[in-house]
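In: Need coordinates for the below:
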Amino acid sequence: VLPLVFSGEVERLKSQLAKAAAGKHFVLQGGDCAESFEEFEKYGGDNIRDTFTLLIQMSIAMMYGLKKPVVKIGRMAGQFAKPRSSPMEKAKNQELELPSYRGDMINGPEFTLEARIPDPDRMIRALNQSTATINLLRALASGGYLDLHKVHDINLQFVNGTPQGQQFLDYANNITNAIAFMGSCGLPTDSPDVRQAEFYVSHEALLLPYEEAMTRYDKNTGKYYATSGHFIWLGDRTRQPNGAHVEFLRGIANPIGIKCGPSLSRD
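Out: Numbering: from 1, shown residues only. A predicted model of the protein is given here:
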């Protein structure tokens, strides 16, 4: 199985996150709670493109306001598994009890016994969809889709075309003036440095058989990396210090997040 991400990308993200921790960068992460096979088949790459565009729109506004680089991380290309509090669930107004839906990577959302049986082939399907997603994201990030004028025009359409956007009119006009000023100074707004950006992907490392199969050793760094995504995190239900998820995550060099839920104590 080929890796989805590479060690060099992971190390660059770690460097940028370190700068964010020092207050020099800002981190923006966004995406769906869970990805689905059905939406991908129905909408193709439209949902991915729209999420990517939204995050880029937000990052440009943030960069202008914060005067700092923004690290862009999508919650996608791997967010297929769902943690559940109970192994069983009932449908509304029904006595029938079935195994809980645990995300498209494990079983189906339909409330039937057949759909709720875990199917390991779903991991292959999730991997294929993640591969397609990450390829599209790389094409969007490097193919001129980040043209400063185009992205700002999309922001202006939101500002001028919606009641919610009117409150940001002055802010948008300031960004317009800043872009015009860059052009007046001879600073190219269409250079590769401006038209391209690094975009990272993330997900919760919930299904360990999948994560283990995607782990690779890099001989250049002498470290192990989870190549299923750049940034992965530990969920609220799987962060037991003596648990298998903590044991797996402590052995990889990726930046790791920890979900801090209400059950988390200071210790």
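In: could you point out which element follows the helix or strand bottoming out on mean pLDDT in the chain?
Out: Least confident helix or strand, the chain: helix 192-195 with a mean of 56, by mean pLDDT, DSSP states H and E. In the C-terminal direction, the helix or strand that comes right after helix 192-195 (DSSP states H and E) is strand 199-204.
In: Could you tell me which strands sit next to that following strand in the sheet, and their orientation?
Out: strand 70-75 (parallel), strand 231-234 (parallel) (DSSP bridges).
In: Quick check: pLDDT value at the closest residue to Tyr200 other than its chain neighbours.
Out: Closest residue to Tyr200 apart from its sequence neighbours, by C-beta to C-beta, 6 or more residues apart in numbering: His230 at 4.1 Å. The way it works is simple: take the backbone N, C-alpha and C, and place the C-beta from them, glycine included. As predicted, His230 sits at a pLDDT of 98.
In: Who are the contact partners of His230?
Out: 5, 9-10, 13, 73, 200-202, 254-255 (C-beta atoms under 8 Å, 6 or more residues apart in numbering).
In: again, but for Ala91
Out: 98, 111.
In: What does it show for phi and psi?
Out: phi -80, psi 160 (degrees, to the nearest 10).
In: And it, how far from Glu110?
Out: 11 Å (C-beta to C-beta, to the nearest Å).
In: cool, and Glu95?
Out: 18 Å.
In: Between the two, point out the one with more neighbours.
Out: Between Glu95 and Glu110, Glu110 has the larger neighbour count (other C-beta atoms under 10 Å), namely 11 against 6.
In: What's the per-residue pLDDT of that one here?
Out: 95.
In: what about the stretch 51-200 of the chain, any weak spots by pLDDT?
Out: Applying pLDDT under 70 to the stretch 51-200 of the chain picks out residues 144-152, 158, 166, 181-182, 187-196.
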